[in-house]
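Visitor: Here is the input, now give the coordinates:
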Amino acid sequence: MASIPAQSVFIRDGAFYHATGLARGPWDMHAQHGGAPAGLLAHCAQQAAGEDFVLARLTFELTRPVPIAPLTVTATASRGRTARRVELVLAHDDAPVGRAVALMRREQPVHVPRVDECLLNPAPTQCRERFEAPGMASGESFHDQAMEIRFARGSSRVAGPAAAWLRLRVPLIAGQPNTPAMRAVAAADFGNGLSWILPADTHVFANTDLSVYLHRAPIGEWIGLDSETIAQPNGVGLASSTLYDTAGRIGVAHQNLLVRAR
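Guide: Presented below is the predicted three-dimensional model:
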């Protein structure tokens, strides 16, 4: 009997977030893509801080591969009036698999000089090339089915810097809207993958962390990444991305990479 395709990345059941196959990453069929739990933690940080606060920074450390299994999130928020720090622990079977710190800020109007906004061109509606990285399997996974990816510059089949537009095809959490912060953080983890130095069929270049800085919330479904990856002979790498929406820049993201031959 054929299985029913998943309609969301996570399904909440009480204290548990059950990961579906749409959370799957490219390196291990039993482990999640980093963008899935990162987006989940952005949601939990918002819930802990309160709706009057917006995400300014999220630093997520993947201490172990995050399994495709029921997860719990513990979120502890400070009670500042203009800024709140939320400490998050992602766990499976009571064992931490990831830790994060979110800085939530209360927005305040302030006059700043007007500048011409930098745009990522072409716009997503004008981009046609899709994500098809050598060595990365297709099918039920976060990078292939949960996220739509259209290249604005470069290619997933050619090494070097690249830029692309991304949007979630499904709800990250069943029954919950994908908020601007969730969309931005989930997409930000793709910098390592859009831009690469060594092919995935011969090397692993998994990120061990993700830090996202947002200076404003994105508008609309599409998140743009302009990414560049650096890899060193010592097995350490770095992927850096500038984040966009269709109106201009919204922030930056950085990922430390563990590089090794298969």
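
Visitor: ranges for the strands of the stretch 1-150 of the chain?
Guide: Assigned by DSSP state E, counting those that start in this stretch, the strands in the stretch 1-150 of the chain fall at 10-13, 16-19, 53-61, 70-77, 83-92, 95-106, 147-153.

Visitor: Save those as a markdown table, and put in distance to residue 115 too.
Guide: In short, each C-beta sits where N, CA and C put it, glycine included. Shown next, in a markdown table, are these (distance: least, Cβ to Cβ, whole Å):
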| stretch | distance to residue 115 |
| --- | --- |
| strand 10-13 | 39 |
| strand 16-19 | 40 |
| strand 53-61 | 20 |
| strand 70-77 | 34 |
| strand 83-92 | 25 |
| strand 95-106 | 21 |
| strand 147-153 | 22 |
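
Visitor: Columns mean pLDDT on top of the ones you listed, output as TSV?
Guide: Shown next, in TSV, are those (pLDDT from 0 to 100):
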stretch	mean pLDDT
strand 10-13	97
strand 16-19	98
strand 53-61	98
strand 70-77	98
strand 83-92	98
strand 95-106	97
strand 147-153	96
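
Visitor: do you know which of these lies nearest residue 34?
Guide: Smallest distance to residue 34 across the strands of the stretch 1-150 of the chain (Cβ to Cβ): 7.5 Å, for strand 53-61.

Visitor: Can you give me the distance of the closest residue to residue 50 other than its chain neighbours to residue 38?
Guide: Counting by Cβ to Cβ, 6 or more residues apart in numbering, residue 84 is the residue found nearest to residue 50 once chain neighbours are left out, at 7.6 Å. The spacing between residue 84 and residue 38, counted by Cβ to Cβ, to the nearest Å, is 19 Å.

Visitor: And for residue 27?
Guide: Going from residue 27 to residue 38 by Cβ to Cβ gives 16 Å.

Visitor: which residues does residue 178 contact?
Guide: Contact analysis of residue 178 by Cβ atoms under 8 Å, 6 or more residues apart in numbering lists 39, 168, 171, 172, 221.

Visitor: How about residue 159?
Guide: 196, 197, 198, 199.

Visitor: What about those residues, which one has the most neighbours?
Guide: Within the contacts of residue 159, neighbour counts (other Cβ atoms under 10 Å) peak at residue 196, which reaches 27 neighbours.

Visitor: pretty sure it contacts residue 228?
Guide: No - assessed by Cβ atoms under 8 Å, residue 196 is found out of contact with residue 228, at 10.2 Å.

Visitor: Look up how far residue 10 lies from the nearest residue to residue 98 once chain neighbours are set aside.
Guide: Nearest residue to residue 98, sequence neighbours excluded (Cβ to Cβ, 6+ apart): residue 90, at 3.9 Å. Residue 90 sits at a distance of 12 Å from residue 10 (criterion: Cβ to Cβ).

Visitor: what do those two both touch?
Guide: Common neighbours of residue 90 and residue 10, counting by Cβ under 8 Å, 6+ apart, are 40, 71.

Visitor: Sitting in helices, which of the contacts of residue 159 do you find?
Guide: Among the contacts of residue 159, DSSP state H puts none in helices.

Visitor: so how far is residue 62 from residue 96?
Guide: Relative to residue 62, and taking Cβ to Cβ, residue 96 is found at 11 Å.

Visitor: So between those two, which is more surrounded?
Guide: Using other Cβ under 10 Å as the criterion, residue 96 and residue 62 rank with residue 62 on top: 23 against 14.

Visitor: check contacts around the spatially closest residue to residue 8 that is not a sequence neighbour.
Guide: Sequence neighbours aside, residue 174 is the residue nearest to residue 8 in space, at 3.9 Å (criterion: Cβ to Cβ, 6+ apart). Residues near residue 174 by Cβ under 8 Å, 6+ apart: 7, 8, 10, 11, 12.
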